[in-house]
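Asks: Kindly generate the corresponding structure for this input.
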Amino acid sequence: MMDVPSANQSQTPCQPWAGQKDWSTVSPPGHLFDPLPSFQHLNLGSPSDYTPCYNHLQMSSSSFHRDLTAFSPNNNNPHNSLLYVNNTDHSVQRVIPDVSATIPAASQGSNMNEDIHHCDTQQSSLHSPHNPYQAVAQHFQHPYTHLVNGPQSPHQNHLPVRPPLYGNESPQCIPQPGFEGANARSSAVFTHNHASPTSPIQQQSQWTLPAHSGENINQFVPTAAAQVKSFTPQSPNSESRYGLDPELLPSAVKVMTEDKAEWEGKVFTSEPFSSLPPLATTSCIVEDRGNASPFAIRSTSYCVPCEGQAALLSRLPLGALITPLVKQSAEEQPLPLCKETECVVGCGGCGASMCPAMGWQDCGQRFYCPFCGKLSEVPWQHYQPTNGVNGVRVDKEKRPELSMGSYEILNSQKGEAAALLLAIDVSVSALRGGHLEFVTQQIQMLLNFMNREDGDASDVRVGLMTYDSRIHLYDLSPELSRPHMLVITETEDLQLPVREGLLVPLKDCISSIESVLQLIPQFNTEGTDSGGVPMELPVKAGLTVLQGLGCPGKLLIFHSTSLIETGYTSSGFFGTNKPKSIFQPSEQAVSVVKECVRQGCGVHLFVLSHQDVGGAWPGDIPYLTGGALHTYSHLQGELDRERFSTDLKGTVETHTGYKAELRIFVSKDLRVSGCYGLFVPGPNPGRVTLATLDTWTTLAVELAHTRALDETRGVAIQVVLSYTLQTGDRRTRVHTLTLRCSQQLQDTFRHYQAQTLLTFYCKKMYCAVQERPLQELREELQTEVTEALASYRKHCCSASVSAGQLVLPQYLRALPVYINSLRKSEVLLPGLRSSIHQRLQQRCQVLCMDTRSTATHFYPLLLPLPLSADGSNLPKPEEALRCSAASLEPRGLYLVHTPLTLLLWVGTQVPACTLVELFNTSCFSSLPSGETKLPVLENHLSISIRSLINTLNSGASCTRKLWVVKQGDSCEEALQRHLVEDKSPNGGASYADFLYHLHVNSVRLLHHREEHFMRYKELKCN
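Replies: Here you go, the predicted structure:
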């Protein structure tokens, strides 16, 4: 039971957290630190355009308690109102009144299975002492460094913040001095409007505004529909423990809908120092006017604080998301291609490529490099004079490297063309499995299709090998009458007996490969099964072939036997003092990956009979080399066979870069402090080597200040990708992003976007799971957001904001729901039914995603489907609903879309005619459940829904299964994992409760910092 806190309880030192997923069973101490009453909604309002003096936030403890007393849970208000104000820089644009429904009192005797943690003020820095993805460098002293007894040591780490304490616990947080020069301009504020406790319980409209001074308010009168709000019963998982109505909280769906209404299908001009781009989930046309597309480089903030202390004060990360091989949309201009000899040479000091951020001097004879601060001479071959006071070269518009944020350079040196190597498991268990005939047929069909294609597909060099406990290579030379098999029994130290004929152009060896593929299913099945094949055996064999011929390529492995993991010492998992993680790859796997990276070999593993329980997980090598792991329970069913065919074709046809090297340059006053993604980290986070990468590969880069930035010059970030094409051409792709700088902290907050922060946090945390405990990472996520809200509240809001108001920056309204979804994901918070293999694969799949896919993964698209299709009510993705059980009605059909899953939920009261049109059956109980395929029926409803599914699948990075989930069925738990605003099956908190605790913690944090700061001043004066 969690008791209601009383106002006269004494505070005692902080005590350990009572449990990982449950609340403490005792009441909170001290004065009331609960600004949000149990029975009330969070109401949305906004302060005006503030120009505050931040001394007003250093209020006395007594005034703070008086403010909070007004919001005591003892004031049981039967109804409240929602007030939404959307602020611009000068005036309140609109007020949308809403009506609150009656909320039942939150049960105080129930336990809550949530993973929100308490404040541990003695905990040191949350940063890991050793992180292979981060650079080792001295950090800035955190601005919150004042102790009661005197100044803090410069080596003191900043303190984490955890949720409210209950029982005999009290947070002892450190105060902070005010940060000068901040003005609040753009925010969303949730406030409490209290009715009289004696007023009757009813629905009514209320309008309440915070204090404004001299502002014009355009107020809209609520419609009758708004005044008579229908009440929808909610699922128990949707209800808030504190009586908050989830429908009144900030909505990620609304944020995306508003952005689509503004930018969908329109042109965004990407210029130097440009404003915030559209969200990653919005499809728009990007026009390059000197800045790279946000789909190639997306900064976490488009206004960088000039001072490093200000960046730390915001508590939000400074960095960028990089998708170097991003695919251009059909409406956009293709990237310009320049020859290496014709491009203006870049900086000779740091190696940065030429870009619009370079500054020209001495009439064009020299240029200033913003990445190293040095001047470089221009070769006479590329010299052109400048004109105007800004020193613009006369040939700027004719040269992409001078006028565009993204372009490509065709290197004069050409490498070896990439090869396609096929490795097929022919062990006894594989031959007896009965699926080799289907696999060889699909491979043969794919090669025939490639051979018929015009262009370079028929010129691809192809090789074939089979393996069991031995390696079988095939000489496919066209001069031979039939292929020759070469058997290698010594697998410890592989040596190629011959090299000629192992990789042959497809058009010259198609008949030889067909003959071998036809014979493979007829291999002798007699003998004993060896009991498994080492994971590295087929990879090493294929890598040896590519190394012998000196070319990069894709290695496709079709495996059936159980896998044996090697590379661990005899002491085993528990035989060492070094902490181990299930996410850490074996040393043997990392060694093989490094060899693949040097050679440019991408491994794609097709496991044809996969089991989620037991055995080694074979995904480390494929994902760390830019490939993928495709698993199938069996290939006897039609659904698995269709998925295998699609996966195989997509793997071969995906645009891929080989032997890639990624170099990251930032302004001379910044440094790259970390890089996160699926790769083996090296000593320099600003230089990443990859075996292969595709159009989806996205990395997160973290930046840190080395000294103060020049506000007039701004910040420049450049990404230079050198890679090899399938044909062997070596290219260099350059992306440059130029950002503004500001001395004002609120400018930084106003230029963050929630989806970008979610993707950055996801990549950073999913990389950190290899080194740090999951509990610590979940606490760090909550701490970061809590301190960010506290910082925004203190430095960007006026004194009129009371303790009961939840203040969020305008473009971070959806950040709490995103962070809560990340915290309770299967990777960071495993459930009882989560297998280790599923968590390992999900981690790698999500780490590969770009910003758009990551946002959709952590907040799925919940689409209501029509019950009949007459051409006027076809499904539209922009009509998505909030991911909550309260959005589901028994009479409806709903499609849940994520990059990895596609679910079709069918309510119990769906009309029989709809079931007939969609499933060809009128009985709900006879509907298929689980993985299925919609029947092809010739009616408008079936055609429209299948068309929608095909459209969603075309934009996914992997082939997905369609799961049909019936209401009340045992498979409904799969749907509950995607209703991220509700309590999750693995014990994660609901969105409403998580937001409640974020607000309580941020208010409490500010209070204790002010209280300690005042005590420190008193002690200093004495």
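
Asks: Mind listing the strands the longest strand seen in the chain pairs with, and their directions?
Replies: The strand that spans the most residues within the chain, counting by DSSP state E, is strand 730-742. Each strand paired with strand 730-742, and its direction, by DSSP bridges: strand 303-305 (parallel), strand 406-410 (antiparallel), strand 715-724 (antiparallel).

Asks: out of the ones you listed, which comes closest to Glu1011?
Replies: strand 303-305 (27.2 Å; C-beta to C-beta). Where you see a C-beta, it was placed from the backbone N, CA and C, and this is true even at glycine.

Asks: Give me the contact list for that closest one.
Replies: Strand 303-305 is contacted from outside by 311, 314, 318, 709, 714-715, 739-743, 745, 747-748, 750-751, using C-beta atoms under 8 Å, 6 or more residues apart in numbering.

Asks: Repeat that for stretch 921-935.
Replies: Contacts of stretch 921-935 (C-beta under 8 Å, 6+ apart): 638-639, 642, 904, 906, 908, 910, 912-913, 915-916, 918-920, 942, 945-946, 949, 961-966, 969, 971.

Asks: Which parts of the stretch 351-500 of the chain are strands?
Replies: 359-361, 366-368, 375-377, 386-387, 392-393, 406-410, 419-425, 461-467, 471-475, 484-488 (DSSP state E, counting those that start in this stretch).

Asks: thinking again about what came up before, out of the contacts of strand 303-305, which is nearest to Leu537?
Replies: Distance to Leu537, by C-beta to C-beta, is smallest for Leu318 among those, at 44.4 Å.

Asks: what residues are up against that closest one?
Replies: Counted by C-beta under 8 Å, 6+ apart, Leu318 has contacts Thr300, Ser301, Val304, Pro305, Ala311, Glu702, Leu703, Ala704.

Asks: distance of the third one from Ala320?
Replies: So the one you mean is Val304. Relative to Ala320, Val304 is positioned 11 Å away (C-beta to C-beta, to the nearest Å).

Asks: Equivalent analysis for Ala708, please.
Replies: In terms of C-beta to C-beta, Ala708 sits 20 Å off from Ala320.

Asks: neighbour count winner among these two?
Replies: Using other C-beta atoms under 10 Å, the more surrounded residue of Ala708 and Ala320 is Ala320, with 24 against 15.

Asks: The more buried one against Pro294, yeah?
Replies: No - Ala320 is beyond contact range of Pro294, at 10.1 Å (criterion: C-beta atoms under 8 Å).

Asks: Dump stretch 285-292 to CSV, restricted to CA.
Replies: Extracted in CSV, the C-alpha atoms of stretch 285-292 (Å, rounded to 0.1, in the frame of the first residue of the first chain):
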residue,chain,number,x,y,z
ILE,A,285,10.9,16.9,-50.4
VAL,A,286,14.3,18.3,-49.3
GLU,A,287,15.9,21.0,-51.4
ASP,A,288,19.7,21.2,-50.8
ARG,A,289,20.8,24.8,-50.6
GLY,A,290,24.1,24.3,-48.8
ASN,A,291,23.0,22.0,-45.9
ALA,A,292,22.7,18.3,-45.9
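
Asks: Ok, which of the strands paired with strand 730-742 comes nearest Ser560?
Replies: That would be, of the strands paired with strand 730-742 and by C-beta to C-beta, strand 715-724, which comes in at 32.1 Å.

Asks: sorry, back to before: just the ones in strands from the contacts of Leu318, please.
Replies: Short answer: the contacts of Leu318 in strands (DSSP E) are Val304, Pro305, Glu702, Leu703, Ala704.
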